[in-house]
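Student: model the following, please.
(2 chains)
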Amino acid sequence: MAVSTYRNKMRLALALALAAAVAAGLVGGRLVRAGEPGEHFWIVYPALLAICALAFAAAVPWWRKADEMQKTGQMVSWYWGGMAGALAVMLGFVAATGVRSELSLGSLYTMLGQAAGFAVFYAGWRLRHRGPAA
Amino acid sequence: MKNRLRELRRARGLGQAELAEAIEVSRQTIIALEADKYDPSLPMAYRLAAFFGVPVEELFFNPWREAR
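Tutor: The predicted model follows:
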């Protein structure tokens, strides 16, 4: 039986990404529960961002090894499916608890964060794909 | 994009998984390409053409050229 090197590398990279995501969730959860909400915000928040950044970094090998069709599938699904799912949940909160409830506002802020992240990455993407005008 | 990928792969005696392994893509990608369900980028088209030792247009048919 032939050794499936590419498949094995992909599985290993995916396992690393998933393990890092789970570890980030566990460590981040412990950190948040260690104090009162809002306590030491300027320590806890950067620490949580750093933990997330490490989890993202652990997913880079998987992303780099994925072929273009796999990447396209991920991007299409995250863009349309992710946005539709988030919108459906936010609209459910709005319909059930009102526009100004904490749930509605929380989901709105999350979507604003998504929009801001999208804008930053899209601007970076456009800048990287600039060429000289004829 | 219509292509001769399946024909060339079979002529080499390769399975879909073996071809996928050789050019470091997933088997699903080879299946989608052969079924004309996914259009490859130029780098992937050239990579496949180089693997089989044929020009790109012998592997992937140019629909715009044929339409003339």
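Student: show me the domain layout of chain A.
Tutor: Using automatic domain parsing, the domain parsing of chain A gives A:1-66, A:67-134.
Student: ends of the longest one, what's the gap?
Tutor: One end of domain A:67-134 to the other measures 32 Å (CA to CA, to the nearest Å).
Student: pull the distance from it to the chain's centre.
Tutor: Centroid displacement of domain A:67-134 relative to its chain, using CA atoms, centre = their mean, to the nearest Å, is 10 Å.
Student: hmm, it in reach of chain B?
Tutor: Yes - using CB under 8 Å from any CB of the partner chain, we find that domain A:67-134 touches chain B at A:67-70. Where C-beta positions appear, they are placed from N, C-alpha and C, glycine not excepted.
Student: what residue in chain A comes nearest to chain B?
Tutor: Going by CB to the nearest CB, chain B is nearest to A:Asp67 of chain A, at 3.8 Å.
Student: backbone dihedrals for the spatially closest residue to that residue that is not a sequence neighbour, please?
Tutor: For A:Asp67, ignoring the flanking residues on the chain, the nearest one in space by CB to CB, 6 or more residues apart in numbering or on different chains is B:Val25 at 3.8 Å. Main-chain torsions, B:Val25, degrees, to the nearest 10: phi -130, psi 170.
Student: for the one 10 residues further on, same thing?
Tutor: Comment: the main-chain dihedrals of B:Ala35 come out as phi -90, psi 10, following degrees, to the nearest 10.
Student: what distance do you get for it to chain A?
Tutor: 12 Å (CB to the nearest CB, to the nearest Å).
Student: how about the residue nearest the centre of chain A, what does it touch?
Tutor: The structure's chain A has its C-alpha centroid closest to A:Phe56; by CA atoms, centre = their mean the separation is 7.7 Å. Contacts for A:Phe56 (CB atoms under 8 Å, 6 or more residues apart in numbering or on different chains) come out as none.
Student: for the chain, which spans come out with low pLDDT?
Tutor: By default, I'm working from chain A. A:1-4 (pLDDT under 70).
Student: not what I meant, chain B
Tutor: Ranges of chain B meeting pLDDT under 70: B:66-68.
Student: quick check: residues of it near chain A?
Tutor: So far as CB under 8 Å from any CB goes, chain B lies against chain A at B:17-18, B:20-21, B:24-26, B:28-29, B:32, B:38, B:40-41, B:44.
Student: could you dump the domains of chain A into TSV with distance to B:Val54 added?
Tutor: As requested, the domains of chain A are exported to TSV (distance: least, CB to CB, whole Å):
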stretch	distance to B:Val54
domain A:1-66	23
domain A:67-134	21
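Student: would you mind saying which of those lies nearest B:Trp64?
Tutor: Closest to B:Trp64 of the domains of chain A is domain A:67-134 (CB to CB; 21.5 Å).
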